[in-house]
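Enquirer: Compute the structure for the input listed below.
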Amino acid sequence: MVKAVNSSGRALRTGVVMDPISGIKTYKDSTFAMLLEAQHRGHKLFYMEPGNLFVRDGQAYADMQELEVRDNTNDWFSLAASTTRCLSDLDILLMRRDPPFDMDYIYATYMLEMAEKNNTLVINSPQSLRDANEKFFITNFPQCCVPMMISGRSSQIREFVIQQGQCVVKPLDGMGGESVFRVSGQDLNLNVILETITRHDSRVVMAQKYIDEISQGDKRILVVDGEPVPFALARYPGKGDFRGNLAKGGSSKGVPLSERDRWICSQVAPELKQRGILFAGLDVIGDWLSEVNVTSPTCIRELDAEFGLNIAGQLFDVAEEKLNH
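Expert: Sure, this is the predicted structure:
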């Protein structure tokens, strides 16, 4: 591997904003896969947590630490002493903080955008992280989706559920299957569930027609700069649950993309590329798109291990090419 350098011959500097690295599971953490790949290419790594970002006198900074990573499950990282640097000193900056997508997340994207304006390549584009809400964004592709409603009014959602028969209701700012409910018009708990999830009509939520094919897996399709990885990770609900999230006890298996999967990608990927979303995860259940993950999509390590891929390598090929133009 040729060492990656910038136009002046300096080793590329790649920073990462992430939740505490001490708490990750290295065998399945996609951010860790990206860091291993960047280090393999000779990039100098810098680690930040969201609270380390700040702005002073019109410049975005962070208290960051040089990082070294090792591919094992017991001793996987070393951090140097913290130093304060401009975010624009970095060539590449990975934004990999998990949701919830709250105001602190938005403030962080403002800071990252300041670095982007000074030619740091931020993955993904800060404006697109704000604009492409992972639940709401699928409304751009109704041809790919089951009937859905987004509303903060329990009465509207109740009417929609009764019309559709069975639905999934979920908040717009969560992840990992948190606060996701399967409901039906005959459910005696429907009113209380809707009151709870909308916080008595004060929070907007999404309702989608329930897709029976969830039993065949909730497929995560990774898209790198508009190109889908040819295999998806199908995630199957655990016993006694309807959610395919691995965080909720589901199991997984890699599967090749179907023709329908590729068609969905053809509908969504051009918009992702146009918005500067270099790395995204499309969630597909049966024949239908259910979410587009842009904040911190996962499943790199599982697909790499099962099919001998290097998805992070694909991502950094794109990133380095963009830095050279």
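Enquirer: What ranges does the stretch 1-150 of the chain have for its helices?
Expert: Taking DSSP state H, counting those that start in this stretch as the test, the helices found in the stretch 1-150 of the chain are 30-40, 103-116, 126-131.
Enquirer: and of those, who's closest to residue 253?
Expert: When these are compared by Cβ to Cβ, helix 30-40 sits nearest residue 253, at 17.6 Å. Just so you know, the C-beta spots here come from the backbone N, C-alpha and C atoms, and that holds for glycine as well.
Enquirer: for that closest one, packing partners?
Expert: Other helices and strands packing on helix 30-40, by 3 or more Cβ pairs under 8 Å, 6 or more residues apart in numbering; DSSP states H and E, are strand 13-18, strand 44-48, strand 59-69, strand 92-96, helix 300-307, helix 311-323.
Enquirer: Turn these into CSV, columns for mean pLDDT and distance to residue 236.
Expert: Shown next, in CSV, are the helices and strands packed on helix 30-40 (pLDDT from 0 to 100; distance: least, Cβ to Cβ, whole Å):
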stretch, mean pLDDT, distance to residue 236
strand 13-18, 98, 27
strand 44-48, 98, 34
strand 59-69, 98, 30
strand 92-96, 98, 26
helix 300-307, 97, 13
helix 311-323, 97, 21
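Enquirer: tell me the mean pLDDT for stretch 141-154?
Expert: For stretch 141-154, the mean per-residue pLDDT is 96.
Enquirer: got the end-to-end distance for it?
Expert: In stretch 141-154, first residue to last residue: 25 Å (Cα to Cα, to the nearest Å).
Enquirer: For stretch 138-146, which outside residues touch it?
Expert: The contact list for stretch 138-146, computed with Cβ atoms under 8 Å, 6 or more residues apart in numbering, reads 148, 150, 208-209, 211, 264, 267-268, 271, 288-292.
Enquirer: Same list (those) but as TSV, adding distance to residue 41, secondary structure and neighbour count.
Expert: Converted to TSV, the contacts of stretch 138-146 look like this (distance: Cβ to Cβ, whole Å; DSSP: H, G, I helix; E, B strand; the rest coil; neighbours: other Cβ atoms under 10 Å):
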residue	distance to residue 41	secondary structure	neighbour count
148	41	strand	19
150	41	strand	16
208	40	strand	23
209	44	strand	19
211	40	coil	18
264	32	helix	24
267	33	helix	14
268	29	helix	25
271	29	helix	17
288	37	strand	18
289	33	strand	23
290	34	strand	24
291	31	strand	22
292	28	strand	26
